[in-house]
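Undergrad: give me a 3D structure for the following:
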Amino acid sequence: MKADLAMAIHFHQPTGNFDHVIERACDKCYLPFLQMVKRYPKIKMTFHFTGCLLEWAEEKRPEIIDMIRELAEKDQIEIMSGGFYEPILPSIARGDRLAQIKMLTEYIKDKFSFEAKGAWVAERVWEPDLASVFNEAGIKYVILDDTHLLYSGIPREKTHGYYMTEDNTKSVAVFPSDKVLRYNIPFKMPEESIAYMKSGIEKTANPLFIYGDDGEKFGEWPGTHKWVFEEKWLEKFFTTLMENSKWLRTVKLSDCFEERPPLGRVYLPTASYEEMLAWALPEEAQEQFEAVLKELKASGKEEFFKPFIRGGFWRNFFAKYPESDYMNKRAAYVSRKLGEIRSSGKETSPLLAEAEKELFRSQCNCAYWHGVFGGLYLFHLRRAVYHHLIMSEVLMDKVRYGEKPFCEVTVLDIDADGASEVVLENGEIALVFDPAEGGALKEIDSKKVCHNLMNTLSRKKEAYHGKILDKIKKQMEEDADKVSTIHDDVRKVDNRIKDRLDYDKYGRHGLIDHFFGKDVDIDAFSRGVYDERGDFVSGHYDFKAEKSGKNVVLTMEREGKVSGVKVHVFKEVTLPKKGSSFQIKYVITNRNASPVNLIFAPEFNITMPDADSEKYTLTLGGKKKSYYLKDRVPDDISRTAKITDGERRLSVEIELSEEAVFWHLPVETVSQSEKAYELNYQASAILPKWELDLKGKEAKEFNIHLKFLQ
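TA: Numbering: from 1, shown residues only. This is a model prediction of the structure:
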């Protein structure tokens with residue numbers, strides 16, 4: 001009796017990740033892993049490297065490229081394709097899906113002289129129409145989890161081989177990665193995996209065992225470098241495979257596809273791996289789901305019922321996190337914009353090929369969701385998304401306008417919520433407004449540095465926040481020598497976190513129109529425990545957008561109530577044809593015959609390119625005293641608030657027509673990562689506050705000038 005073992009290892013680093021993080025992964029994981037594979041030339045494997053990582057390695061660690069090429073030339077490994085920048089394929093346009101897959105396939109052929117036949121599916125997020133996408137891209141097979149097949153009614157004992165699936169008669173083979181092996185390797189001794197596969201031979205003739213998982217498990221995940229390399233787990237594993245080679249053959253996935261017939265046909269539901277489906281659920285549903293799983297496990301019937309119980313749907317991250325949804329729809333907008341320019345007859349410009357690559361970089365999946373990894377909560381990953389989107393649009397501007405100054409206004413439903421957004425832009429700035437959501441300013445792009453100054457994230461309750469509070473109380477000691485899986489609780493807790501579990505009731509944007517009482521202080525505002533007296537923060541504003549020869553103008557107005565009193569808010573934004581600044585005019589009108597006393601505070605949430613780095617200083621009114629962006633500043637009277645970049649790359653100034661009481665506070669979220677529960681800086685909230693004593697029918701005007709300084 002014999003069996004085959006096909007091992008597929010996926011190596012990835014997200015677009016925008018820090019160099020020192022990728023360098024650490026190279027030193028502790030990628031290089032030692034490849035070196036160990038070279039020592040065992042008879043062990044066959046399948047590798048997948050994302051384009052993000054390959055591009056980085058070409059520039060920073062070319063020895064990785066050389067080692068992959070050497071292993072491929074010796075026919076020890078095969079290389080898989082996939083979306084070049086590791087997008088969640090169903091979340092991007094079909095044309096972009098095909099182009100990204102072909103882009104990586106061509107890169108592999110060019111750099112390694114290898115014809116890729118298979119593809120890695122990012123985060124194993126599957127939707128049925130992907131079968132035809134992969135087929136049209138020339139892909140013969142993909143690898144998913146065995147869980148995907150279990151959801152389709154395939155029993156676990158019949159997952160030791162591959163199945164065919166199709167979409168509109170366009171087929172692709174599906175190899176199911178074995179859950180037992182995924183959880184054993186590299187966390188249990190090699191003998192346990194060998195024993196598991198030996199037991200499988202008794203149940204199935206000539207089974208194919210398939211292992212597909214992240215390469216970072218072999219040295220980059222917490223505690224694994226010591227276990228895998230210093231304590232020689234990987235060497236022992238490869239040695240054990242060789243010792244059992246008479247009955248267990250290591251093979252490449254393409255060999256299996258060519259040598260073995262399919263076990264049958266299968267139609268897979270929308271799915272991902274189990275943990276991802278749980279993370280995609282809303283917070284309350286996630287807590288309920290975890291309780292169900294706990295009860296199921298206690299019943300002793302977990303394996304029997306598990307195929308019929310699963311969490312949510314990956315796209316629900318867009319409902320759970322509006323910031324993720326907005327980034328996704330912004331990328332779709334840029335994709336359509338690129339298509340329109342090409343269809344206008346300008347497709348021959350080489351700048352458009354660069355613009356497409358920048359768009360594709362923005363589609364890297366890691367910033368669009370959150371689970372055990374920081375993901376969406378990590379500012380630098382979202383920063384990279386916006387950087388590449390803005391760079392793509394800057395390149396398109398050059399194709400359309402060359403070096404000529406321009407200004408334009410576009411009205412469209414960017415985020416597909418049924419209400420229109422308004423885009424004002426010139427050659428240096430782009431502004432995006434949402435009149436239906438409080439007339440908020442959702443995006444301020446500096447085209448000179450390709451940065452969105454409103455790359456913010458609001459504070460949300462997460463299912464694990466209760467666990468944080470429990471752990472703070474207990475603060476259990478952890479065994480530093482224990483090798484844990486990424487799903488075990490290896491996170492440490494900063495005791496400051498217990499005082500930061502506050503949640504926002506609105507998105508952290510700009511021009512958020514607050515009305516509150518004199519008794520509200522900065523602490524109450526920061527914690528979100530104050531009384532919002534008006535209905536303007538998320539209220540619907542009527543709008544009109546116009547273009548003249550010298551500028552574009554957006555006017556928004558709403559008649560609402562403040563403490564039961566009718567108040568009219570008019571705000572007008574003017575963006576000139578030239579320059580890196582824009583003007584905002586507010587007119588607050590008392591619609592009643594009797595006088596009213598109001599506190600009005602338009603909120604701005606600003607994110608600088610390097611977050612809360614100490615190279616930035618905040619000054620109010622040009623006073624000698626300055627603050628860092630980590631500082632909370634209550635009640636400072638001024639006409640200006642300026643964030644100065646000590647490196648003179650990008651500074652921002654908010655200038656008022658008359659003095660106001662300024663508040664400044666850092667917005668910090670509480671999130672989990674694979675190593676810790678942590679506080680993440682997201683934005684600097686800046687609020688000028690005016691006390692208004694308005695007589696009957698009286699109106700008061702304020703003007704705000706926001707400038708980029710370099």
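Undergrad: and the pLDDT for residue 434?
TA: Residue 434 carries a pLDDT value of 98.
Undergrad: tell me how many other residues surround it.
TA: Around residue 434 there are 27 other residues, counting by other CB atoms under 10 Å. Placement of C-beta: from N, CA and C, glycine included.
Undergrad: dead centre of the chain: give me the residue that sits there.
TA: Centroid-nearest residue in the chain: residue 367, 1.2 Å away (criterion: CA atoms, centre = their mean).
Undergrad: show me where the stretch 551-700 of the chain has strands.
TA: Under the criterion DSSP state E, counting those that start in this stretch, the stretch 551-700 of the chain contains strands at 551-562, 565-576, 581-590, 596-606, 616-620, 626-627, 633-645, 651-672, 676-694, 699-709.
Undergrad: next, the angle from the fourth one to strand 565-576.
TA: Okay, so that is strand 596-606. 40 degrees (axes from the mean of the first three to the mean of the last three CA atoms, to 10 degrees).
Undergrad: do you know how far residue 437 is from residue 531?
TA: 21 Å (CB to CB, to the nearest Å).
Undergrad: which of the two has more neighbours?
TA: Applying other CB under 10 Å to residue 437 and residue 531 shows that residue 437 carries more neighbours, namely 22 against 11.
Undergrad: quick check, pLDDT for the more buried one.
TA: 97.
Undergrad: now do the same contact list for it.
TA: Going by CB atoms under 8 Å, 6 or more residues apart in numbering, residue 437 touches 419, 507, 509, 538.
Undergrad: contact partners for the residue nearest to the centre of the chain?
TA: 14, 16, 324, 327, 375, 376, 378, 381, 382, 384, 385.
Undergrad: and with 6 Å instead?
TA: Taking CB atoms under 6 Å, 6 or more residues apart in numbering, we find residue 367 in contact with 376, 381, 382, 385.
Undergrad: ok, of those, which come out buried?
TA: The neighbour-count test (16 or more other CB atoms under 10 Å) marks 376, 381, 382, 385 as buried among those.
Undergrad: now that we have those, can you turn them into CSV and tack on distance to residue 278 and pLDDT?
TA: Shown next, in CSV, are the buried ones among the contacts of residue 367 (distance: CB to CB, whole Å; pLDDT from 0 to 100):
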residue, distance to residue 278, pLDDT
376, 16, 97
381, 21, 97
382, 23, 98
385, 24, 98
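Undergrad: and this protein, split by domain according to the record?
TA: 3-272, 498-709 (automatic domain parsing).
Undergrad: of all these, which one comes closest to residue 454?
TA: Residue 454 lies closest to domain 498-709 among the domains of the chain, at 5.8 Å (CB to CB).
Undergrad: so what's the gap between the closest one and the chain middle?
TA: Relative to the chain's own centre, domain 498-709 is displaced by 26 Å; criterion: CA atoms, centre = their mean, to the nearest Å.
Undergrad: going by secondary structure, the closest residue to residue 466 other than its chain neighbours is in what exactly?
TA: Nearest non-adjacent residue to residue 466, counting by CB to CB, 6 or more residues apart in numbering: residue 287, 7.7 Å away. Using DSSP states H and E, residue 287 sits in helix 283-299.
Undergrad: related to what we said a few turns ago, could you export the contacts of residue 437 as a markdown table, including secondary structure and neighbour count?
TA: Shown next, in a markdown table, are the contacts of residue 437 (DSSP: H, G, I helix; E, B strand; the rest coil; neighbours: other CB atoms under 10 Å):
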| residue | secondary structure | neighbour count |
| --- | --- | --- |
| 419 | coil | 13 |
| 507 | coil | 21 |
| 509 | coil | 26 |
| 538 | coil | 17 |
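Undergrad: now distance to residue 37 too, for these, in CSV please.
TA: Converted to CSV, the contacts of residue 437 look like this (distance: CB to CB, whole Å):
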residue, distance to residue 37
419, 54
507, 47
509, 49
538, 55
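Undergrad: buried residues in the helix holding residue 287?
TA: If you call a residue buried by 16+ other CB under 10 Å, then helix 283-299 has these buried ones: 285, 286, 289, 290, 293, 296.
Undergrad: which single one of those is nearest to residue 607?
TA: residue 286 (27.5 Å).
Undergrad: the closest one and residue 464 touch, don't they?
TA: No. In this structure, residue 286 is not within contact of residue 464 by CB atoms under 6 Å, at 8.9 Å.
Undergrad: lowest-pLDDT helix or strand in the protein?
TA: strand 492-493 (a mean of 68; mean pLDDT, DSSP states H and E).
Undergrad: what ranges do the helices span in the stretch 401-550 of the chain?
TA: Per DSSP state H, counting those that start in this stretch, the stretch 401-550 of the chain carries helices over the ranges 465-474, 522-527.
Undergrad: that older thread, the contacts of residue 367 in helices, which ones?
TA: Those of the contacts of residue 367 mapping onto helices are 381, 382, 385, per DSSP state H.
Undergrad: same list, the residues you listed, but as JSON lines with distance to residue 423 please.
TA: Below are the ones in helices among the contacts of residue 367 laid out as JSON lines (distance: CB to CB, whole Å):
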{"residue": "381", "distance to residue 423": "24"}
{"residue": "382", "distance to residue 423": "19"}
{"residue": "385", "distance to residue 423": "18"}
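Undergrad: hang on, residue 61 packs against residue 24?
TA: No. Using CB under 6 Å, residue 61 is not in contact with residue 24, being 11.7 Å away.
Undergrad: shouldn't residue 684 be in contact with residue 606?
TA: Yes. Counting by CB under 6 Å, residue 684 touches residue 606, with 5.0 Å between them.
Undergrad: more neighbours, the two?
TA: More crowded of residue 684 and residue 606, by other CB under 10 Å: residue 684, with 28 against 25.
Undergrad: how about residue 311, secondary structure?
TA: Three-state assignment for residue 311 (DSSP: H, G, I helix; E, B strand; the rest coil): coil.
Undergrad: and the closest residue to it other than its chain neighbours, what is it in contact with?
TA: Closest residue to residue 311 apart from its sequence neighbours, by CB to CB, 6+ apart: residue 277 at 3.4 Å. Going by CB under 6 Å, 6+ apart, residue 277 touches 310, 311, 312.
Undergrad: same thing but at 10 Å, please
TA: 125, 147, 151, 270-271, 289, 309-314, 316 (CB atoms under 10 Å, 6 or more residues apart in numbering).
Undergrad: are we agreed that it is in a helix?
TA: Yes. Counting by three-state DSSP, residue 277 is part of a helix.
Undergrad: that one and residue 316, how far apart?
TA: As for residue 277, its distance to residue 316 is 9 Å (criterion: CB to CB).
Undergrad: any shared contact partners between the two?
TA: Common neighbours of residue 277 and residue 316 (criterion: CB under 10 Å, 6+ apart): none identified.
Undergrad: distance-wise, check the nearest residue to residue 543 once chain neighbours are set aside relative to residue 212.
TA: Residue nearest to residue 543 in three dimensions, not counting chain neighbours: residue 435, with 4.1 Å by CB to CB, 6+ apart. From residue 435 over to residue 212 the distance is 47 Å, taken as CB to CB.
Undergrad: who's more crowded, the two?
TA: Taking other CB under 10 Å, residue 435 and residue 212 do not tie; residue 212 has more neighbours (27 against 24).
Undergrad: can you give me the strands in the stretch 151-300 of the chain?
TA: Secondary structure of the stretch 151-300 of the chain (DSSP E, counting those that start in this stretch): strands located at 163-167, 170-177, 208-214, 248-251.
Undergrad: which of the ones you listed sits closest to residue 320?
TA: For the strands of the stretch 151-300 of the chain, distance to residue 320 was read as CB to CB. The smallest value, 23.4 Å, belongs to strand 208-214.
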